[in-house]
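Asker: Sequence and predicted model, in that order:
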Amino acid sequence: MIGILKRFRAIFIFAFAVSILSFYGSFDSNDQDYLDTQNLINNTGTNVTFTNPSIIQNIQPETINPISGSFDLVDTLTLNAPGVANNGGSTGWGMFLNLVGGPDNLMVVQMSTASTAVAGASFSVEIFTRVGNALGGPVGSGPGSSTAGWTSLGSVPVTQGATSNGISLLFNVPPITVNAGDTVGVAMKFTGAGPRYLGSGAPPLSIFADTKLTLITGDGRSVPFTTTGTFFSSRALTGAVRYILSAPPVTCSYSWGNQVSGVTSLFYSVKCVSNLVGWAAGAGGIVRRTTDGGTTWGNGNPNPGVITGDIYNIEALDANTAWVTTSPGATFIYKTTNGGANWTQVYTIAGGFINTIKMVSATNGYAFGDVLAGVWLMLTTVNGGSTWTVLSSPAAAGDGRNNCLQVSLPNIWFGTGQGTVWHSTNSGINWTNATVTGITGQITGVHFNSATIGIAGGSTMSKTTDGGATWTLLPALGTGTITGIQGTGTDYWYTRGTGIFRSTNDGTSWTQVHTHTAAQNDISLATDGNGCMTGWSGGATGTIAKMTGAPVGINDPISNIPNSFKLEQNYPNPFNPTTNITYALPISGNVELKIYDLLGREVTTLVNSFVNAGTHTINFDASSLSSGVYFYTLTSGNFNQSKKMLLLK
């Protein structure tokens, strides 16, 4: 009886908390409570007993606030495209639609769609996006007849609903950002089933809208992204899109600081995974790894007998999984799945030289090497780099350079030692190349912030605005060879000699932002959980520098003492995989900041120490956690408060 009463009390607390959360959200007939959304959280739909129900009682409701970036997770908004599908296609077909933003920025995180699958069957949908309109034909023209301008976000699993030829269950999609007033084109390519849709082909297109989002749906193609097959106009999606409001792009401030790698060997390559996880590799088979943001760097190759020779490039997915390439005699790729404790040879070819490895997902990746037998050596993997196969690639003479490959599917670029940049717009099927204006000899750095705008570096620097067909000389600071380029949006960074340089206007002008004690050979950046960039550079004598970014106005001062305790909404939210949690203390004292899962089980402790009065920001890395709703709780003295956050992977 006592156990039953405890279970009833926990369920009652949970139900009461949900009612409070729903009450404080702006809820209408098209909204659905996030606790009923089976694909956004790991909830079975059965009654749940909380390990720590007290955290639910302390949750502070949040209303939608697109200015600050916080929003209520209860308000996961659904825009339905009603109707019953009356026609359909086969596996391999594509559906095209437009998403038009309203007054606020938002992210589409789930969809459903009608398909030809039988009830409960599984199939997959590959999601593509482009800036602007996705609609129009006939088959030989229009955005859907070519891969130009499209970016694949990857394939996602889909389960058909309870009706054959009906609508699927909701499925997660990689977040699709739709900024206020913008149009984002979306394509859905089906595998294992065909799309079903509403419409006879007669205009006009079907349009569905609420106050935040307009869905213009759409077209169908039997062979998407080619000029063959059949084009079907005015074919309406039957299903739904689900979205959440998000914040406008943040303005970031950046700072650089030197770190101690623990070695004096030359670093050829660095890889930033997140604000906490980074790798560096170089001469003599040296590999270094950090899991604490660079506070300490440990040995990532403690058993060096497997890898012989210099390591020219390193790629990594997380703190455990990484790949390196080295070429003592033949060329090799090695892989580790345990943080470098052991490395396994997964590829070798005689006479070759592999320059760069790039993984686009946990399973798919590319490797680029020098010309071998008259063609560029291009490899691909579909099983996480355990095996590699040779891709058909263009004939050429010459060699490439390490850290000089970029893969942003369907686009691939690589630079060569002959002053050219090669470009594929269809994932490596066809290639074109162009000589980079103004650069004498080797191209040693290439980076594109979009499908059209990119920068190449070597003896100096050039820019393209048409994907690499033509290049224009840019001003460049510093002396020596430009060895690495990275960027996002209109921001670019490059390394040259001992200097690190930044542009905030697509390379029009530059500022030196850091000077190291030795020449830097590579730079690697990634998006941090706060919407800014973070990363490392590495170079001669084991030198490492760390870049940290923070949204303007979010910092960790103790000079301005707040008047009261406060726990801020984490930012960004949703996040993947890191986010910042800010809290304010009017007085110094012992502080606990803990993370709990949806069942109230403690996941981790972020803070458990004496903290000075002031405003403090803590970065939370959820790389090891699954998608879902989590809670964070701040306790200091008599103050106790919890808030919710959403991890979307």
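Answerer: The structure has been received and is ready for your questions.

Asker: any low-confidence regions in this protein?
Answerer: Scanning the chain for pLDDT under 70 picks out 1-76, 246-250, 529-531, 552-561.

Asker: In contact with the residue lying closest to residue 422 once chain neighbours are set aside, which residues?
Answerer: Nearest residue to residue 422 in three dimensions, chain neighbours excluded: residue 433, at 4.5 Å (C-beta to C-beta, 6 or more residues apart in numbering). (C-beta placed from N, C-alpha, C; glycine too.) For residue 433, the contact set (C-beta atoms under 8 Å, 6 or more residues apart in numbering) comprises 394, 396, 420-423.

Asker: Could you rank those residues by neighbour count and give me the top one?
Answerer: Greatest neighbour count in the contacts of residue 433, by other C-beta atoms under 10 Å, goes to residue 421: 27 neighbours.

Asker: Please verify my assumption that that residue contacts residue 412.
Answerer: No - using C-beta atoms under 8 Å, residue 421 is not in contact with residue 412, being 10.8 Å away.

Asker: before we move on, back to that, so the residue nearest to residue 422, which of the three states?
Answerer: strand (DSSP: H, G, I helix; E, B strand; the rest coil).

Asker: Roughly how far does it sit from residue 353?
Answerer: To residue 353, residue 433 is 19 Å away according to C-beta to C-beta, to the nearest Å.

Asker: what does residue 87 give?
Answerer: Using C-beta to C-beta, residue 87 is found at 53 Å from residue 353.

Asker: Please say which of those two ends up with more neighbours.
Answerer: Taking neighbours as other C-beta under 10 Å, residue 87 and residue 353 compare with residue 353 leading, 19 against 15.

Asker: need the contact list for that one.
Answerer: Counting by C-beta under 8 Å, 6+ apart, residue 353 touches 327, 331, 369-370, 377, 399-400.

Asker: Is it possible to get a markdown table of those residues that adds neighbour count, distance to residue 155 and secondary structure?
Answerer: Below are those laid out as a markdown table (neighbours: other C-beta atoms under 10 Å; distance: C-beta to C-beta, whole Å; DSSP: H, G, I helix; E, B strand; the rest coil):
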| residue | neighbour count | distance to residue 155 | secondary structure |
| --- | --- | --- | --- |
| 327 | 20 | 33 | coil |
| 331 | 24 | 30 | strand |
| 369 | 27 | 27 | strand |
| 370 | 20 | 32 | strand |
| 377 | 22 | 27 | strand |
| 399 | 15 | 34 | coil |
| 400 | 25 | 29 | strand |
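
Asker: Dump these into CSV; add distance to residue 480 as well.
Answerer: Below are these laid out as CSV (distance: C-beta to C-beta, whole Å):
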residue, distance to residue 480
327, 24
331, 27
369, 25
370, 23
377, 28
399, 20
400, 20
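
Asker: Now the terminal residues of stretch 453-470, how far apart.
Answerer: Stretch 453-470 has its terminal residues 11 Å apart, counting by C-alpha to C-alpha, to the nearest Å.

Asker: ok, and for it, which residues are buried?
Answerer: Under the neighbour-count criterion of 16 or more other C-beta atoms under 10 Å, stretch 453-470 has 453-464, 467-468 buried.

Asker: just how off-centre is that stretch within its chain?
Answerer: 24 Å (C-alpha atoms, centre = their mean, to the nearest Å).

Asker: Stretch 140-153 now?
Answerer: In terms of C-alpha atoms, centre = their mean, the centre of stretch 140-153 is found 21 Å from the chain centre.

Asker: ok, and what's touching it?
Answerer: Stretch 140-153 is contacted from outside by 94, 96, 126-137, 139, 173-174, 176, 185, 187, 219, 221, 224-227, 231, 408-411, 425-427, 451, using C-beta under 8 Å, 6+ apart.

Asker: Which positions in stretch 342-358 come out as buried?
Answerer: Of all the residues in stretch 342-358, those buried under the rule 16+ other C-beta under 10 Å are 343, 346-347, 349, 352-358.

Asker: Residue 384: which of these is nearest?
Answerer: Relative to residue 384, the closest of those is residue 346; by C-beta to C-beta it sits at 9.5 Å.

Asker: Would you mind listing the residues in contact with the closest one?
Answerer: Contacts for residue 346 were tallied using C-beta under 8 Å, 6+ apart; they are 323, 333-335, 385-388.

Asker: Would you confirm that residue 509 belongs to a helix?
Answerer: No - read with three-state DSSP, residue 509 is coil and lies in no helix.

Asker: Based on its surroundings, how many neighbours for it?
Answerer: 12.

Asker: All the strands of the stretch 101-250 of the chain, in order from the start?
Answerer: For the stretch 101-250 of the chain, applying DSSP state E, counting those that start in this stretch gives strands covering 106-113, 122-131, 151-159, 171-178, 183-191, 196-198, 206-209, 213-221, 231-232, 236-237, 239-245.

Asker: chain center to the last one: distance?
Answerer: If I follow you right, that is strand 239-245. Centroid displacement of strand 239-245 relative to its chain, using C-alpha atoms, centre = their mean, is 20 Å.

Asker: With stretch 314-334 instead?
Answerer: With C-alpha atoms, centre = their mean, you get 22 Å for stretch 314-334.

Asker: Just the CA trace of that stretch, in CSV.
Answerer: Output in CSV follows, covering the C-alpha atoms of stretch 314-334 (Å, rounded to 0.1, in the frame of the first residue of the first chain):
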residue,chain,number,x,y,z
ILE,A,314,43.0,14.2,-38.0
GLU,A,315,39.2,13.9,-38.0
ALA,A,316,37.0,13.2,-35.0
LEU,A,317,33.3,12.8,-34.1
ASP,A,318,33.6,12.9,-30.4
ALA,A,319,35.9,12.2,-27.5
ASN,A,320,36.3,8.6,-28.5
THR,A,321,36.0,8.3,-32.2
ALA,A,322,38.7,9.7,-34.5
TRP,A,323,40.6,8.9,-37.7
VAL,A,324,44.2,9.9,-38.8
THR,A,325,46.1,9.6,-42.1
THR,A,326,49.8,9.0,-42.4
SER,A,327,52.0,8.0,-45.4
PRO,A,328,55.3,6.3,-44.5
GLY,A,329,55.9,4.5,-47.9
ALA,A,330,52.3,3.6,-48.5
THR,A,331,49.4,5.7,-47.3
PHE,A,332,47.2,4.7,-44.4
ILE,A,333,44.0,5.5,-42.5
TYR,A,334,43.7,4.6,-38.8
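
Asker: how about that stretch: buried residues?
Answerer: Neighbour-count burial for stretch 314-334 [16+ other C-beta under 10 Å]: 314-327, 331-334.

Asker: Kindly report the same for stretch 584-596.
Answerer: Neighbour-count burial for stretch 584-596 flags 584-585, 591, 593-596 (criterion: 16+ other C-beta under 10 Å).

Asker: Quick check, residue 325 in contact with residue 349.
Answerer: No - if you go by C-beta under 8 Å, residue 325 and residue 349 don't touch, sitting 11.2 Å apart.
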